[in-house]
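Q: Structure for this input, please:
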Amino acid sequence: MTTNKLAIRALPVIEGPPRTPLTTGGRIRLPAGEFVQVLNGDVARFVALLEFKVGDGLTRGNHFHEKKSEALYVVSGRLAAVFVDVDSGERVERTLVAGDLARVAPRLAHTYRALEPALAIETSPTPFDPADVVPFRRFDPTP
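A: Prediction:
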């Protein structure tokens, strides 16, 4: 995307305890299980766990926010994601997989559809405000 409204990256995977601080997040694989540092130093005033089920018409999102930015970390599964810049009309389609972190800026419409059962964590420095959810149905074709 040519705008600065979307950033998607796979969090780095570290085997065993890290030798230096993880300033940008990461997945630490330990014998007891994976430890994921989704945020470090960022403010989170909204945190939600999202479940994604597979099925026709089962999408999440289909909206944008005027003020709220958010980060979506995929814990497990795979998601078909569509992002549309409300101002430029630019469109990006991506498959998000476990370990991906998508940062979505205001005025970037987004929708997600499970390709397989999935879990994700959404965080935002802004509290949730239903008045800041603007429906967006122009995802033709719907994922």
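Q: For residue 30, see how far away the residue nearest the centre of the chain is.
A: With distances taken as Cα atoms, centre = their mean, residue 72 lies nearest the centre of the chain, 2.2 Å away. For residue 72, the distance to residue 30 (Cβ to Cβ, to the nearest Å) stands at 24 Å. Yep, even glycine has a C-beta here, placed from its N, CA and C like the rest.
Q: what's around residue 56, how many residues?
A: By other Cβ atoms under 10 Å, the residues close to residue 56 number 6.
Q: Helix or strand for it, just tell me which one.
A: Assessed by DSSP states H and E, residue 56 sits outside every helix and strand.
Q: With residue 110 instead?
A: strand 108-124.
Q: what packs against that strand?
A: Applying 3 or more Cβ pairs under 8 Å, 6 or more residues apart in numbering; DSSP states H and E, we find strand 108-124 packed against strand 46-52, strand 59-65, strand 70-85.
Q: Tell me which strands that strand pairs with, and in which orientation.
A: Strand pairing for strand 108-124, determined by DSSP bridges: strand 46-52 (antiparallel), strand 59-65 (antiparallel), strand 70-85 (antiparallel).
Q: My read is that residue 122 contacts residue 44, right?
A: No. Applying Cβ atoms under 8 Å, one finds residue 122 not in contact with residue 44, separated by 9.8 Å.
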